[in-house]
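**Student:** structure for this input, please:
(one chain, ligands or ions: 1)
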Amino acid sequence: MKEVRNWLLALDELFFPRPLECVFCGERPGTDLGPCRTCLDSLAIAWQRMEVQGYPCFSLVPYRGFARDLIHKMKYHGGYRIAQGFSRLLGLALREELSVSRSGLLVPVPLHASRLEKRGFNHAALLADGISKVWRLPVSSRVVRVRPTKPQSGLTASQRRRNLRGAFALVPGENWQGRQIVIVDDVITSGYTFSTVADLAAAQGGRPLGVFVARTEMDGGGKDSVEKLQTV
Ligand SMILES: [Zn+2]
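**Tutor:** Down below sits the predicted model:
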């Protein structure tokens, strides 16, 4: 048993060599977790379990301050190392929270092709790739965005729902029946994007749950979202 553990630890080392520099600031030496102590303190990790439309969801931090700046950098300035840092923290935290099914699948929330082309990468896919290294679960790219959508921010609850109608589709060819489907994205706001993808997974017999770096305080989503985004 001990040998297996040592072997896993060695694998962890292989996938995540201790960074010389912090994965977030690149200035101070990193800890075993990736970020330096100062960045870890500034991040103010406050793990939260929520339920969104009946699906369990987990997030690492509130979307504000240093965490918000980092997420912005990750999305708009090619923050590959930042995504690696967040996914390691998320992967380790979630492993404490629930038993990760061996048959599970990681599903990043997709960007529409036009936005992907503009940005060059999908940050949710980077996060899912990082988590897959902690859990050794495959990443599925079968959920696709078939219709471009407006940014959800600034829309009312009913506009958000309308905005996402028919936006996602599932490319057939993978059996999701009974499997844990871990949907990954950077931020959860009203939860409509997540629940649209989760409904798609549930319709295939999957057991969806959500993992996010950050959660916004309930603003802009209206009363509707407050009712559905309950902290448990
Ligand atoms: Zn740092």
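**Student:** show me the shaky parts of this structure.
**Tutor:** Along the chain, segments meeting pLDDT under 70 span 1-19, 99-100, 218-232.
**Student:** residues in it within reach of the ion, list them.
**Tutor:** 22, 24-25, 28, 36, 39 (C-beta under 5 Å from the ion). (C-beta placed from N, C-alpha, C; glycine too.)
**Student:** for the chain, longest helix please?
**Tutor:** Counting residues, the longest helix found in the chain (DSSP state H) is helix 80-97.
**Student:** what's the next secondary structure element after that one?
**Tutor:** Sequence order places strand 105-108 as the next helix or strand after helix 80-97, per DSSP states H and E.
**Student:** what lies in contact with that next one?
**Tutor:** For strand 105-108, the surrounding residues in contact (C-beta atoms under 8 Å, 6 or more residues apart in numbering) are 122, 124-125, 127-128, 131-132, 135, 137-143, 174, 176, 179-185, 197, 201, 206.
**Student:** repeat the analysis, applying 6 Å as the threshold.
**Tutor:** Identification of contacts with strand 105-108 by C-beta atoms under 6 Å, 6 or more residues apart in numbering yields 124-125, 128, 131-132, 137, 139-140, 143, 179, 181-184.
**Student:** follow-up on the earlier one: buried residues in the longest helix of the chain?
**Tutor:** Residues of helix 80-97 classed as buried by neighbour count (16 or more other C-beta atoms under 10 Å): 81-91, 93-94.
**Student:** kindly report the same for stretch 115-131.
**Tutor:** 122-131.
**Student:** which helices and strands does the longest helix of the chain pack with?
**Tutor:** Judged by 3 or more C-beta pairs under 6 Å, 6 or more residues apart in numbering; DSSP states H and E, the packing partners of helix 80-97 are helix 65-76, helix 123-135.
**Student:** got the angle between it and helix 65-76?
**Tutor:** 120 degrees (axes from the mean of the first three to the mean of the last three C-alpha atoms, to 10 degrees).
**Student:** between helix 80-97 and helix 123-135, how many degrees?
**Tutor:** Using the same axes, to 10 degrees: helix 80-97 against helix 123-135 is 50 degrees.
**Student:** and the closest residue to G79 other than its chain neighbours, how many neighbours?
**Tutor:** The spatially closest residue to G79, leaving aside those adjacent along the chain, is K73, at 4.7 Å (C-beta to C-beta, 6 or more residues apart in numbering). Neighbour count for K73, taken as other C-beta atoms under 10 Å: 15.
**Student:** surely E174 is in contact with R142?
**Tutor:** Yes - E174 is within contact range of R142, at 5.5 Å (criterion: C-beta atoms under 6 Å).
**Student:** filter the residues of the chain next to the ion down to the buried ones.
**Tutor:** 22, 24-25, 36, 39.
**Student:** residue contacts, V61?
**Tutor:** 43, 45, 67, 214.
**Student:** number of residues surrounding the third one?
**Tutor:** By the criterion of other C-beta under 10 Å, A67 has 22 neighbours.
**Student:** ok, back up a step: quick check: ChimeraX command selecting the buried ones in the contacts of V61.
**Tutor:** Here is the ChimeraX command that selects the buried residues among those (16+ other C-beta under 10 Å):
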select :43,67,214
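**Student:** any chance of the contacts of V61 in TSV, plus secondary structure?
**Tutor:** TSV is the format used below for these (DSSP: H, G, I helix; E, B strand; the rest coil):
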residue	secondary structure
L43	helix
I45	coil
A67	helix
A214	strand
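**Student:** mind listing what's buried along the helix or strand in which Q159 is found?
**Tutor:** Per DSSP H and E, Q159 falls inside helix 157-164. By neighbour count with 16+ other C-beta under 10 Å, helix 157-164 contains the buried residues 157, 160, 163-164.
**Student:** I am finished for the moment; much appreciated.
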